[in-house]
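Trainee: Fold the stuff below for me.
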Amino acid sequence: MAKEVLKKIKLQCSGGQATPAPPVGPALGQHGVNIGQFVKQFNDKTKELQGILTPVEISVYKDKSFTFIIKSPPASILLKQLAGVVKGSSMPNKQMVGQVTKQHIREIANKKLADLNADNLDAAIKIIEGTARTMGIKIV
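Mentor: Numbers count the residues shown, from 1 in each chain. Now for the predicted structure:
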């Protein structure tokens, strides 16, 4: 018989660098989850994403056990890395802060396809292109 889910918690933690400090500790502690066990498992599974902000969805069960699903990093973070910028533009239609190629957009769309609300790669590419435009990143 399947365990009954008590709560679903969504967090964003740095890959391979999660600590029991906020936001992880308070979010899990109030539901009785073993925070140290989560931090250790999360850091082991996200070693290759060292320092990249990574969304995670944690299912907490009635017996205080948990499972978690690691999502792909947000498109904005991947775009900032490829464009070599620290933050997006404050005036995206007037001031461009960087540029990425169509091939970069395709690579990001491939990585994010499972997490996006898109049926195929072309729809995912349009979503990523929209994110780039709103950040002031030019697509060449």
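
Trainee: where do the strands sit along the protein?
Mentor: Remark: strands of the chain, listed N- to C-terminal, are 5-14, 53-61, 66-70, 98-100, 137-139; assignment by DSSP state E.

Trainee: What's the mean pLDDT across the fourth one?
Mentor: Mean pLDDT, computed over strand 98-100, is 85.

Trainee: quick one: buried residues of the helix ranked longest in the chain?
Mentor: Taking residue count as the measure and DSSP state H as the definition, the longest helix of the chain comes out as helix 121-135. In terms of neighbour count (16 or more other CB atoms under 10 Å), helix 121-135 has its buried residues at 124-125, 127-129, 131-132, 135. Backbone N, C-alpha and C define where each C-beta goes, glycine included.

Trainee: coming back round to it: which one, of the strands of the chain, ends up nearest to residue 45?
Mentor: Between residue 45 and the strands of the chain, the tightest spacing by CB to CB is seen for strand 66-70, at 6.0 Å.

Trainee: now that closest one and strand 53-61, what's the angle there?
Mentor: Orientation check (axes from the mean of the first three to the mean of the last three CA atoms, to 10 degrees): strand 66-70 against strand 53-61 gives 150 degrees.

Trainee: Near residue 112, how many other residues are there?
Mentor: 20 (other CB atoms under 10 Å).

Trainee: I'd say it and residue 75 touch.
Mentor: Yes. Between residue 112 and residue 75 a contact is recorded at 5.8 Å, counting by CB atoms under 8 Å.
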